[in-house]
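> Here is my input, please return the structure:
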Amino acid sequence: MSETSPALDERIQALFHRMSEGLGLVDRAMREQLESASEIMPVIGSHVLSSGGKRLRPILVLLSAELTGYTGSRRVQLGAALELIHTATLLHDDVVDLSELRRGQPSANAIWGNRRAVLAGDFFYGRASSMIVEDGSLAILEIFSNTIRMMAEGELIQLQRSFDTDVSERQYYQVIELKSAVLLSAACEIGAVLGDVTRGEVRRVAEFGRELGIAFQIRDDVLDYQAPSEALGKPQCADLHEGKVTLPLLLTLKRCTTSEREQISVVLKQASQLAAANPGVEPAEWASQLDLSSVLGLIERHRGVEDSMRRAQEHAEKAAAAIAAFPDSFAKRSLLDLLAYSVERDH
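As a prediction, this is how the structure comes out:
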């Protein structure tokens, strides 16, 4: 995990180049699912699928299957299904968060409105479900259905705890595991189910995905405070404007004085009032009315960002340990490179 970023970037680029054929098949499988009786659905679907993205979930399915000895065509269809689930969650998230940008481009809800965006997300869920059923594995179907349920629970819990300075670390980890880590874990587990390995080995590959997902989300939460808006494809400090108490702020709240904690509470209360006074309006529209300088200063003073990154590294180390017993291979090296990239990336 200590390797320099240029060397890691070079290996990641080589990985994507080598996997371009498989990812091309995944993309084709997803686009085949856009056929609809509704004329607008293929248009929305094409916009969403063309907006970029790392395709991390299908890559994890492809590599986890290869790690465990399977290189057949089922992994392409299952990888495409997992990416359609991810796409559906993004469509719904943008509506919930009132986001007008997704990866630097206008979001579907900004172009076609919330109702069509929600229905497009439902369409993707339905198509992904059909692909999983067509695969025929009850074990994979169970992973799939449990994953969708847990992701919805994570979103509901996060909404329930918005603007709450009393959120605990346990509650924070519960949210990111349900919202983010569970889908990456499912991608790895589904890939491993395709391979000829023991249940214990499937569990270890799933654990790799879970720990990777936690590290990935913590890095996302840190980038919200660190990276410029153009790199994120969304406004900086969007989480704070939306009342999401993520790890950098959470660690700060644990360490600050009573008066400092009150400063943070005042800012979150102001953000909550502005959100309530502007229903249906993206936070970016009223963000200039909120002075975050005191909160950002406290996060810097109490090492909220630095120590969050230390936590991300710890989870990355647990992920690497989970697959340490597997023999050396292209798939294993690639999974470890993706793990390192997830923690070191700048967007």
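> Tell me where the stretch 151-300 of the chain is predicted with low confidence.
227-235 (pLDDT under 70).
> contact partners of the helix or strand containing Phe124?
In this structure, Phe124 is located in helix 114-135 according to DSSP states H and E. Helix 114-135 is contacted from outside by 29, 33, 36, 40-41, 44-45, 48, 74, 77-78, 80-82, 84-85, 87-89, 91-92, 94-95, 107-109, 112, 140-141, 144, 148, using Cβ atoms under 8 Å, 6 or more residues apart in numbering. Any C-beta I mention is one placed from the backbone N, CA and C, and that applies to glycine too.
> May I see the buried residues of it?
114, 116-121, 123-125, 127-129, 131-132, 135 (16 or more other Cβ atoms under 10 Å).
> Does anything pack onto the helix or strand hosting Thr252? Which helices or strands?
If you go by DSSP H and E, Thr252 is part of helix 247-255. When contacts are defined as 3 or more Cβ pairs under 8 Å, 6 or more residues apart in numbering; DSSP states H and E, helix 247-255 sits against helix 169-176, helix 199-226, helix 258-277, helix 293-301, helix 304-322.
> one step back: and which of the buried residues of helix 114-135 is nearest to Gly53?
Nearest to Gly53, judged by Cβ to Cβ, of the buried residues of helix 114-135 is Phe124 at 13.5 Å.
> Return the distance of Glu100 relative to Leu223.
19 Å (Cβ to Cβ, to the nearest Å).
> Poorly predicted segments of the stretch 1-150 of the chain, please.
1-4.
> That one: helices as residue ranges?
For the stretch 1-150 of the chain, the helices defined by DSSP state H, counting those that start in this stretch occupy 5-18, 20-31, 40-49, 56-67, 74-96, 108-112, 114-135, 138-160.
> Ser272: which of those helices is closest?
Among the helices of the stretch 1-150 of the chain, helix 138-160 sits nearest to Ser272 (Cβ to Cβ), with 12.5 Å.
> Which of the residues in the closest one are classified as buried?
140, 143-144, 147-148, 150-151, 154-155, 158.
> Let me know the closest of the residues you listed to Gln313.
Once Cβ to Cβ is applied, the member of these that ends up nearest Gln313 is Gly154, at 23.2 Å.
> doesn't Tyr173 make contact with the closest one?
No: if you go by Cβ atoms under 8 Å, Gly154 and Tyr173 don't touch, sitting 10.9 Å apart.
> that older thread, tabulate the helices of the stretch 1-150 of the chain (CSV), appending distance to Ser180.
Formatted as CSV, the helices of the stretch 1-150 of the chain follow (distance: least, Cβ to Cβ, whole Å):
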stretch, distance to Ser180
helix 5-18, 20
helix 20-31, 20
helix 40-49, 19
helix 56-67, 11
helix 74-96, 10
helix 108-112, 20
helix 114-135, 17
helix 138-160, 8
